[in-house]
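Colleague: Quick one, fold the following:
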Amino acid sequence: MTENLLLERATRFVSALRHCQVLGIQVHDASGEGMTLVLPYNQNIVGDPQTGVIHGGALTSLMDTACGMATLCVLPEFEVCPTLDLRIDYMHPAEPHKPVFGFAQCYRVTTDVIFTRGFAYQDDPQQPIAHVVGTFMRMGKRLKGTRGLGSAIKGEQA
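Modeller: This next block holds a predicted model:
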């Protein structure tokens, strides 16, 4: 799949997810290497009003979405792949008033499970805010024919 097609598919995927709409999560980059999303800073995602630090739940949503969307980078066709397990190790808080980027890649694909890993960062990917590993269950083509998210990603009308 070309990177432009992958980027287009990823952008449609993000726009179809309600939590991405609410949080303002957007696709920053998509390639065979992995998926990078961006979570813009805004007051609605602040966890500590005194410091302006982003709530951990917003970062968890960013990283779960990035890992789940990284499956688009390795699968030839869209498959529903719900999260089986997600582990996030927080290194330090995100700096207030700056966007957070979430990068994820798939490092192993089996018949039933996709294994992902990634990290969240702001200015420098070498200084991650958090590391993540996740596993996603392959539902395969069993749900492919249903109207809904798969149709939205392909650009079909419901």
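
Colleague: what comes into contact with stretch 39-55?
Modeller: 23-26, 56-59, 62, 93-94, 96-102 (CB atoms under 8 Å, 6 or more residues apart in numbering). Backbone N, C-alpha and C define where each C-beta goes, glycine included.

Colleague: could you redo the last one with a cut-off of 7 Å?
Modeller: The contact list for stretch 39-55 (CB atoms under 7 Å, 6 or more residues apart in numbering) reads 23-25, 56, 58, 62, 93-94, 96-100, 102.

Colleague: So for it, mean pLDDT?
Modeller: Mean per-residue pLDDT for stretch 39-55: 93.

Colleague: Buried ones in it, by neighbour count?
Modeller: Buried positions in stretch 39-55, judged by neighbour count with 16 or more other CB atoms under 10 Å: Leu39, Tyr41, Ile45, Val46, Val53, Ile54.

Colleague: ok, back up a step: just the buried residues from the contacts of stretch 39-55, in ChimeraX please.
Modeller: The following ChimeraX line selects those of those that are buried, judged by 16+ other CB under 10 Å:
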select :23,25,58,62,93,94,99,100,102
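
Colleague: Let me have the contacts of stretch 39-55 in JSON lines, extended by secondary structure and distance to Arg138.
Modeller: Listed next are the contacts of stretch 39-55 as JSON lines, based on DSSP: H, G, I helix; E, B strand; the rest coil; distance: CB to CB, whole Å:
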{"residue": "Leu23", "secondary structure": "helix", "distance to Arg138": "26"}
{"residue": "Gly24", "secondary structure": "coil", "distance to Arg138": "29"}
{"residue": "Ile25", "secondary structure": "coil", "distance to Arg138": "23"}
{"residue": "Gly56", "secondary structure": "helix", "distance to Arg138": "28"}
{"residue": "Ala58", "secondary structure": "helix", "distance to Arg138": "27"}
{"residue": "Leu62", "secondary structure": "helix", "distance to Arg138": "23"}
{"residue": "Pro93", "secondary structure": "coil", "distance to Arg138": "34"}
{"residue": "Ala94", "secondary structure": "coil", "distance to Arg138": "32"}
{"residue": "Pro96", "secondary structure": "coil", "distance to Arg138": "38"}
{"residue": "His97", "secondary structure": "coil", "distance to Arg138": "39"}
{"residue": "Lys98", "secondary structure": "coil", "distance to Arg138": "35"}
{"residue": "Pro99", "secondary structure": "coil", "distance to Arg138": "31"}
{"residue": "Val100", "secondary structure": "strand", "distance to Arg138": "28"}
{"residue": "Gly102", "secondary structure": "strand", "distance to Arg138": "22"}
